[in-house]
Structure formats: C-alpha cells, structure tokens
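Peer 1: coords below, sequence missing:
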Ligand SMILES: Cc1cc2nc3c(=O)[nH]c(=O)nc-3n(C[C@H](O)[C@H](O)[C@H](O)COP(=O)(O)OP(=O)(O)OC[C@H]3O[C@@H](n4cnc5c(N)ncnc54)[C@H](O)[C@@H]3O)c2cc1C
Ligand code: FES
Ligand code: FES
C-alpha cells in the first residue's frame, strides 16, 4: 500500500502551522508520528494533498512540572513519556500505560497528542486522562484555550478540536497522579479500559470501543457513607448496575456479552489495584 | 505542486543525500534506492515488525514511516551490524541457537533485540520477551529466539 502524492510542509512555529491548515482547508492535516494518519492514507481511507509536520516546531515535546501541574507536550511520544522521570514520579499510571500500549515501534513514533486527536474509540489514554482531571491546551494562529479532557472527546474519531487548532500540551493536576488503570487487551488494542483516580475513587471511568470515555455514576451514592478508597467490593457492586445498563456494540472484535464481562473485569482490577492488590482473583 | 523533499541521512554509517517524493516510505527508500534487502514488507500495518529498522537506536516500522522523517537521523539495518565481515554477537547467536527458520522475520527480531541491548545490556528474560512482543514469527515458536538473545546478552 502506498500513499498518494502530497506536499510536506515543515513549519517552525505554531502560528505558521495553524495558518497553513486554515488556508489549505480540508485537503490538509497536521502530521505527528503518522502511525494513524499514514496508515489511513496508505489504505486510501483518507486523502490529503498537504501534510503539515508538527515535529519541527520547538518545545512541543517538553515534559515539565510547573506549579501544581505535570505538563506533557503533545509531541512527546509514548516512549518519551514512559521514560520520563517526571512522569514516573508524578503520574506513574500514565508512565506505565504509555510503556505498554501498542508495540515498541508504535510507541517510538506515535505521540500522545496524535493519540488524543485521532480519538480512536479503543484508545486507552483518553480514559486515564479523564480520571486524572487532565486539561488539554489547543492553540491556533489567533487564540489559545484549555478544555477538560472529559469535554474534548465527543465520540468515535470526533473531538472538540477545530481544524486549525493544534493540541500543544496535556496538563495533569499534581495529586491526582495516583490512579489505577487496567486494560483488557486483545491483539493490538484494548477491548475494555478502566481508570480510577485515588483522589476520587467514586468516579470510575471506562472505555470500551464505544466512543468517548464514560463515567459510571453508581458510586456517587457511596460518597456519603464511604469516603475512603477501601472496600472495592462495595464500590464494584455500586457500579455493577451501570455496567449492566451500558449500550455495548457487538463487532468483529468482541460480542456484546463478552465485552460487558471484560468491562467488569477491568473495573474490578482497577479498584483492586488502587488498594495495592495486584491480582484480585487471588482470593 | 512541489512534492519532493531533501533527505540527508546516515545509513549504516554512510552519509547519504537524496531528493525523493514526499510520500516515499522509508522501506521503499531503503530497499529500492539503497538496495538494503534485509528490510522486509509483510503486514504493512505496524503490527508484525518484519520491516523494523533502527532510527537513532530506536526500532521503527519502516513500512509506515516517511523517508522524509529520517532526515538528519542515523538509520541501521542488519547489514549495518556487521563490522569488518564479522557478525554482531546477536546475529551469531541467532545462527548458533537455530533461531532462524524461513528467516523472513529475522532482521526485524535482531534489530528489536539490538535496540533493547543498546539500552539495557543485561536484560531479564521477561524484559527480552516484552521487548520482542511486537515482532511476529510464524516459524520458530519464539523459544529459540529468546534463548539467542539471552545468550548474546550474556556473551
Ligand atoms: C499497531 C497499533 C497498535 C496500537 N495500540 C494502541 C493501544 O493499545 N492503545 C492505544 O491507546 N492506542 C494504540 N494505538 C494508537 C497509537 O497510540 C496512535 O497511533 C498514536 O499515538 C498516534 O499518534 P501519531 O503521532 O502517530 O498521530 P498521527 O497519525 O500523526 O495523527 C493522528 C491524527 O491526529 C492529528 N494530530 C496529531 N497530532 C496533533 C496535534 N498535536 N494537534 C492537532 N492534531 C494532531 C492528525 O492530523 C491526525 O488526524 C495503536 C496504533 C497502532 C498502529
Ligand atoms: S511490515 Fe511493517 S510492521 Fe509489518
Ligand atoms: S523464521 Fe519464519 S517467520 Fe520467523
């Protein structure tokens, strides 16, 4: 499979990159690692006459702690994030996740920003970032805005990003850093992902190929009686009804019944690992 | 429409400068332009690892990388692991341990293992298995591949 011809633009600044995409319109796309975009172009599922490379813009790969936030540059690859000492110190769950998704070659080329902007419904980072209360910064030639991760994802392959907006950073409040994330993997992607922040273990976030990360509400009722994060069994039974009610697709990767089961397992494991239990099936 | 890009890259230690259409894939650049035929195309989807090359010491799928994106980098294929006619210890270990059957996956496995050993010269068995879990072999059953890498690491 080969992509059709295109012009490769290599701007040095955000303003230049954003203006290029604004001017060139539908036929142009930002290009980061290309692990999704080039694949689509090779399969003739997407056709772009212009690719605007973001990798030559300085500073977009930086990972730093500033004030009360861990700031991850959108062009940081999964591999960069997995190796970053700042991330392993302040957000070990993100460090572990980025070190284990896909395969080493995709982690070396693929960026966190590309993962979020593509909004592949089976992607794992959106679920964790929702649980971590992360915010996403979008910059165009004329404006800059931040938006909570939970509002960024609108559905499968759909986000709140405008065509000329560049995702520049992901900002994670320090302190929500301890979270657990568990994924039920099949082949290259997850069939179900669950993430829970230690700060707020009453909010269970899941992803299951259905689109944007989804919050299970059941645990809200436990807030008054149980403020700690212990009692994963009580927490699980509080969300069991939510899981039973989910509308779940049956597709070539998993039937509805099987996927629902895996969601429950991912949630149980995430609750258990919040409490330091590695294998919830051991007892 | 100007669709060509200039690419200056060091391939197996040799500096190369070329102009190529922007859509040129790294695998085509290496196989057709540079005649490096160890780089194999199989799944064409970043899954199997047959097309693995090292870019600045890190494994990448050359099937889904633009040649334009290795401008300024150092690219290594298995041809580049041979020094003065002597095989790299990893290459020798694959032969000694019978880790090769049809051989189609072998260059990719050797380069994925090389990237691991560059970063971590004495990996555990689990680290080896994890570093190779993105490469697929339809023949050997993996056991001898892992043994070969363990041997090369301890040699
Ligand atoms: C074999 C395979 C296995 C995978 N397994 C997993 C998995 O287990 N879990 C998981 O979560 N993901 C998985 N992925 C997805 C992987 O994480 C993404 O492919 C990668 O992160 C995308 O990043 P990229 O830089 O390559 O994006 P690109 O392909 O360059 O871009 C993707 C899209 O985002 C846009 N874009 C990119 N960066 C920006 C930016 N900064 N601002 C605005 N728009 C931007 C592009 O225009 C394009 O539309 C897998 C992918 C493959 C190929
Ligand atoms: S041919 Fe590139 S990963 Fe399979
Ligand atoms: S030796 Fe044949 S595919 Fe690995």
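Peer 2: Received it, and whenever you're ready, just let me know what you need. Small disclaimer: the values here were computed from a predicted structure and weren't measured. Ligands and ions are numbered 1, 2, ... in the order given.

Peer 1: domains in chain B, as residue ranges please.
Peer 2: B:4-80, B:81-154 (automatic domain parsing).

Peer 1: show me how far the longest one is from its chain's centre.
Peer 2: With Cα atoms, centre = their mean, to the nearest Å as the basis, the distance from the averaged C-alpha position of domain B:4-80 to the chain average is 9 Å.

Peer 1: check whether it comes near ligand 3.
Peer 2: No - using Cβ under 6 Å from any ligand atom, domain B:4-80 stays clear of ligand 3, with a minimum separation of 8.0 Å. In this view, the C-beta of every residue, glycine as well, is placed from N, C-alpha and C.

Peer 1: quickly check: that domain near ligand 2 or not.
Peer 2: Yes - using Cβ under 6 Å from any ligand atom, domain B:4-80 reaches ligand 2 at B:41-44, B:46-51, B:61, B:63.

Peer 1: look up how far residue A:253 lies from residue A:261.
Peer 2: In this view, residue A:261 and residue A:253 are 14 Å apart by Cβ to Cβ, to the nearest Å.

Peer 1: now swap in residue B:128 and tell me
Peer 2: 29 Å.

Peer 1: ok, those two, which is more surrounded?
Peer 2: Each of residue B:128 and residue A:253 has its neighbours counted (other Cβ atoms under 10 Å in any protein chain shown); residue B:128 has more, 23 against 14.

Peer 1: element containing that one, please.
Peer 2: helix B:125-131 (DSSP states H and E).

Peer 1: can you spell out which helices and strands pack onto that helix?
Peer 2: Applying 3 or more Cβ pairs under 8 Å, 6 or more residues apart in numbering or on different chains; DSSP states H and E, we find helix B:125-131 packed against helix B:106-119, helix B:143-154.

Peer 1: roughly how far out does the shortest one sit from the chain middle?
Peer 2: Centre-to-centre, helix B:143-154 and its host chain are 17 Å apart (Cα atoms, centre = their mean).

Peer 1: now for that helix, which elements pack on it?
Peer 2: Helix B:143-154 packs on helix B:89-96, helix B:106-119, helix B:125-131, going by 3+ Cβ pairs under 8 Å, 6+ apart.

Peer 1: out of these, flag the one nearest residue A:247.
Peer 2: Minimum separation from residue A:247 across the helices and strands packed on helix B:143-154 (Cβ to Cβ) falls at helix B:125-131, 35.5 Å.

Peer 1: list the buried residues of the closest one.
Peer 2: Using 16 or more other Cβ atoms under 10 Å in any protein chain shown as the burial criterion, the residues of helix B:125-131 that qualify are B:128, B:131.

Peer 1: go on, stretch A:249-258?
Peer 2: A:254, A:258.

Peer 1: same check, this time on stretch A:241-248
Peer 2: A:242-243, A:248.

Peer 1: out of these, which is nearest to chain B?
Peer 2: Of all the buried residues of stretch A:241-248, residue A:248 has the smallest distance to chain B: 25.6 Å, by Cβ to the nearest Cβ.

Peer 1: distance check, the nearest residue to that closest one once chain neighbours are set aside against ligand 3.
Peer 2: Using Cβ to Cβ, 6 or more residues apart in numbering or on different chains and skipping the chain neighbours, the partner closest in space to residue A:248 is residue A:256 (4.7 Å). Remark: distance between residue A:256 and ligand 3 (Cβ to the nearest ligand atom, to the nearest Å) = 36 Å.

Peer 1: likewise for residue A:160?
Peer 2: 44 Å.

Peer 1: without its sequence neighbours, what residue ends up closest to that residue?
Peer 2: Setting aside the residues directly before and after it, residue A:160 is nearest to residue A:152 in space (Cβ to Cβ, 6+ apart), at 5.2 Å.

Peer 1: could you count how many residues lie near that neighbour?
Peer 2: 24.

Peer 1: that one: what's it in contact with?
Peer 2: Listed by Cβ atoms under 8 Å, 6 or more residues apart in numbering or on different chains, the contact set of residue A:152 reads A:116, A:126, A:136, A:159-161.

Peer 1: now do the contacts for the residue positioned nearest the centre of chain B.
Peer 2: Centroid-nearest residue in chain B, with Cα atoms, centre = their mean: residue B:53, separated by 3.1 Å. Residue B:53 makes contacts with B:26, B:30, B:39, B:59-60, B:62, B:75-77, B:111, as judged by Cβ under 8 Å, 6+ apart.

Peer 1: picking that back up, closest one to ligand 1 out of the buried residues of stretch A:241-248, please.
Peer 2: The closest of the buried residues of stretch A:241-248 to ligand 1 turns out to be residue A:248 (Cβ to the nearest ligand atom; 18.8 Å).
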